[in-house]
Structure formats: structure tokens, C-alpha cells
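Participant: could you look at this predicted model? Sequence included:
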Amino acid sequence: MFFSAKKKTVKLGFSAISEAIIDSLGFSFAIESLGKESKAGFIVAVSGEAVDNGELVLDELEIHRLSGGKFQIDSYKFKKVSKKGGGYAYQAEFKNFYIPPAPEKVKMPTLRSEIPDEQAMMDKIAKEVQFRFKASYSGAKETEALVAVFPYENIIDGGVSKWVTVTGDKNYYLDKLPKKG
């Protein structure tokens, strides 16, 4: 045989992520499985120049999960760790955390009059893991931080990451609205 079927691996994706980490305001993101299930867990990391120079400080990470029809909220402390290549990252480890298999694709409505299947949507939400944290940012200008989540079972290829803006401007989103007139 010259080829083999691609083996399904553990892979994560963002189902939602805020655009900016804003000083003293909440930052949220959610992950979902894009591959097979795993019981090995994952690690959440936030890094960048603002972490390296101490301008961005993270303390506690909340994890929100739907369990038995209700959201369960747990809090974990971030650890500031040295990176092998230099600099620092905030990390929260979730060893032995169950990652479910990828959900079936949910067909989202294309017209406003269409209603998504409620059970399919609840099943999708139940397989997401949502996170929230508040940051302290003392920098004078906007910068960026990398928000990443890596599954232990496939840390090289299964992770997801995104650069987000870091700012002290509490009007960040308001300033992006189109001006009237």
C-alpha cells in the first residue's frame, strides 16, 4: 500500500476569542475539539513582550463548563514560568482533563428566519471549554500577547494560538465603532 488513511489526532480550535486583553476588564475565549478524544488534558499559556517585561500580569483563570445543564465555574492560578528560548509565559495546566471527540458539524442558519436545532447547539456548547481572566496591564502603549492552548497528547500539532491586542484603553471597543456624522 502506498498510502494510509490519515490517523485522527487530538486537535483543538478556538470556537470564540476576544480581540483584546484590556487592563482590569475580562478577557474570554473558548476551545473545542477538532479531533479525537483525549484524557491527557491540556495547557493554557499567555506570552509576549508585555509578559516578559512585567507589564502584563495574570493571576487567576476561570474555566466554565456546561455540566448537567448548568455551568460549572472553577478557578485556577496562573504560574509564571521561564521559557526555554528566554522570556516568560503564564501557564495553567489541566492534566487529565477530558477532551471530548470533535462534535458533528452544526449547520448554522443562513437566513434570519431559520432556527438552529436546539439540541445540536446544546451538544456543541457542552463540548466547549470556556475561559475567562482579568489582566493587569501597566504599559503605556498597545502591544500583543499570544494566547495558546496545547493538548498534552499532541502538543506539537494539536494546539491553537492567536495573537491578541493588549491595551490599557478601556474604550478600545468603543473607539472602533464607526463615527456618526
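Facilitator: Arrived safely. Residues are numbered from 1 along each chain as shown.
Participant: quick check: D169 vs G48, distance?
Facilitator: 17 Å (C-beta to C-beta, to the nearest Å). C-betas here are computed from N, CA, C, even on glycine.
Participant: the two: which is more packed in?
Facilitator: G48 (22 against 15; other C-beta atoms under 10 Å).
Participant: contacts only, for that one.
Facilitator: G48 is in contact with 56, 143-146, 163, 166, counting by C-beta atoms under 8 Å, 6 or more residues apart in numbering.
Participant: just give the closest residue to it, not the sequence neighbours.
Facilitator: A145 (3.8 Å; C-beta to C-beta, 6 or more residues apart in numbering).
Participant: repeat for F150
Facilitator: Sequence neighbours aside, G159 is the residue nearest to F150 in space, at 3.7 Å (criterion: C-beta to C-beta, 6+ apart).
Participant: that older thread, need the contacts of G48 in a markdown table with secondary structure, can you?
Facilitator: Below are those laid out as a markdown table (DSSP: H, G, I helix; E, B strand; the rest coil):
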| residue | secondary structure |
| --- | --- |
| L56 | strand |
| T143 | strand |
| E144 | strand |
| A145 | strand |
| L146 | strand |
| W163 | strand |
| V166 | strand |
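Participant: where do the strands sit along the chain?
Facilitator: 12-17, 20-22, 26-33, 41-47, 56-67, 70-77, 79-82, 88-95, 129-137, 143-151, 160-167 (DSSP state E).
Participant: C-alpha coordinates for stretch 165-175, CSV please?
Facilitator: Output in CSV follows, covering the C-alpha atoms of stretch 165-175 (Å, rounded to 0.1, in the frame of the first residue of the first chain):
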residue,chain,number,x,y,z
THR,A,165,-4.1,43.2,21.4
VAL,A,166,-3.1,44.2,24.9
THR,A,167,-4.1,47.7,26.0
GLY,A,168,-4.9,49.9,28.9
ASP,A,169,-7.5,51.7,26.9
LYS,A,170,-10.9,50.8,28.4
ASN,A,171,-12.6,52.4,25.4
TYR,A,172,-10.8,50.1,23.0
TYR,A,173,-14.0,48.7,21.5
LEU,A,174,-15.9,52.0,21.6
ASP,A,175,-13.1,53.6,19.7
